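Student: Build me a structure from this.
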Amino acid sequence: MQPRKDSDMVLWQNLKDGNLEALGLLYDLFIDDLFSYGSQYSQDRQKVMDSIHDLFLNLYKYRKKLASTDNVKYYLLRSLKNQILKEPKSNIFFIDKNIFPDSAGSQMTTISYEDELIETEFLNERAFKLSDAMNSLTKKQKQCIFLRFNEERHYEEIAEIMNVSVQTSRTIIYRAIKVLRANLTLFFLFSFLFL
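Tutor: Residues are numbered from 1 along each chain as shown. You can find the predicted model right below:
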C-alpha cells in the first residue's frame, strides 16, 4: 500500500508544480472513489460529477496554493464533500446532525467536534470499504453494475452494450451484487453495532 501512497504524493507534487498530466492521472485514479463518496451527499448524479469536475478545475487553478498532504485520497474526498455542501441547490440528502432540539424542544444543542470527526471517519471508512468491495469485482461485473445502477439501464440495454444475452447480463449483475454483499455485510454489521 505504501508504494501507491508514495506515487499519489509524487503526482500531487507534480500537480502543484503545474503538471497537467498529473492532474489527469489523479482524476483517473480517484474518480470511482470520489463518485461513490459524493453520492452519499447528493442524490443528483450529475451534480456529483459536476462537483468532481469543479474540484479538479480548482485544483489546477489554485495549484500553487495547495497544501501538502500525506494522504491524497482523503484530501480529495474531504474537498469533494466541501464542494458539494457549498452548492446551494445540490439536492443534499444527508441529515445535518450538528444541531438537534433538546428534550424540552425549546433550545438547541451542538454536537462536539469529536462526534463530528467520528462521523466523518465513519463515512470515509464506508466509502473506502465500498471502493475495496468494488475492486473485488471483475471488469465485466463493474461495467454491468455501473450501467445498471449509475446509468439506470435496463437489462436488455446492458446485454446489447456488453454483447451478451439478457440472461447473462442478469447473471453477471446478480453475481456482482452477491460479491458486494459478502464483502460489505460484516463491515456494516459491525459499524451499526458500535455506533
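
Student: do you know how far residue 10 is from residue 34?
Tutor: Residue 10 sits 20 Å away from residue 34, going by Cβ to Cβ, to the nearest Å. The way it works is simple: take the backbone N, C-alpha and C, and place the C-beta from them, glycine included.

Student: more neighbours, the two?
Tutor: More neighbours surround residue 34 than the other of residue 10 and residue 34, with 26 against 13 (other Cβ atoms under 10 Å).

Student: how close does the most centrally placed residue in the chain sit to residue 43?
Tutor: By Cα atoms, centre = their mean, the mean C-alpha position of the chain lies nearest to residue 37, the distance being 2.0 Å. From residue 37 across to residue 43, the span is 14 Å (Cβ to Cβ).

Student: Could you do residue 157 as well?
Tutor: 22 Å.

Student: Also residue 144?
Tutor: 22 Å.

Student: So these two - more neighbours on which side?
Tutor: residue 144 (29 against 12).

Student: tell me which element the closest residue to the more buried one other than its chain neighbours falls in.
Tutor: Of all residues not flanking residue 144 in the chain, residue 172 sits nearest, at 4.6 Å (Cβ to Cβ, 6 or more residues apart in numbering). Residue 172 belongs to helix 166-193 when assigned by DSSP states H and E.

Student: And the average pLDDT for that helix is what?
Tutor: The pLDDT scores in helix 166-193 average 75.

Student: and if you look at stretch 25-36?
Tutor: 89.

Student: ok, residues contacting that stretch?
Tutor: For stretch 25-36, the external contacting residues (Cβ atoms under 8 Å, 6 or more residues apart in numbering) are 8, 11-12, 15, 48-49, 52, 55-56, 59, 72-73, 76-77, 80, 127-128, 130-131, 134, 150.
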